[in-house]
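Novice: sequence and computational prediction follow.
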Amino acid sequence: MKDDGKQIDKETALELMKAFGRFHRKEMEITDPDSVRKHSDMRLLFKLSESQKNGGLKVSELSRIMRVTSPFITQSLNRLEKEKLVKRQVDQKDRRIVRVVLTEEGIKAAERAFASLHERFVVLADHLGKEQSQQLAVLLNKAFDYMHKH
């Protein structure tokens, strides 16, 4: 805990902890604007949307990417499948593999949610201004890189 040879005080570390905690709680409130879908379901739709061109993802891949257990992914997929947002399909190259892809309705839901989230960040960037927005992005990426390594 050094800053150019000086010890960082406990208050500064606590303020960082509080700020990260506030963002984490706020992040959990982000949902599909047209429903009350869970945050984790929206993350799942985003990940599937990113993989759609490549034929979707296996449950084990989703589990690894999202850093949750396969049973958690299966529960979420069952819920999204009932809503007709995702479907499971056999891999065309290896029929033993089942991949998860978005349905047309799932693609639309992911697009709506992404547009809503993007708009929130446009408004935030407008509030902060270009320079502070860029500084914040640099600092958050630097913080993430540090946390990821340690």
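Specialist: Yes, it's here. Residues are numbered from 1 along each chain as shown.
Novice: and the helices in this structure?
Specialist: Assigned helices in the chain, in chain order: 10-27, 39-51, 59-66, 70-82, 104-128, 130-149 (criterion: DSSP state H).
Novice: out of those helices, which comes closest to Q92?
Specialist: Among those, the nearest to Q92 by CB to CB is helix 39-51 (15.1 Å). Bear in mind the C-beta positions are built from the backbone N, C-alpha and C, glycine included.
Novice: which positions in that closest one come out as buried?
Specialist: Neighbour counts using 16 or more other CB atoms under 10 Å place 40-45, 47-49, 51 of helix 39-51 among the buried residues.
Novice: isn't G56 right up against Q89?
Specialist: Yes - at 7.2 Å, G56 counts as touching Q89 under the criterion of CB atoms under 8 Å.
Novice: higher neighbour count, those two?
Specialist: Higher neighbour count among G56 and Q89: G56, with 20 against 13, using other CB atoms under 10 Å.
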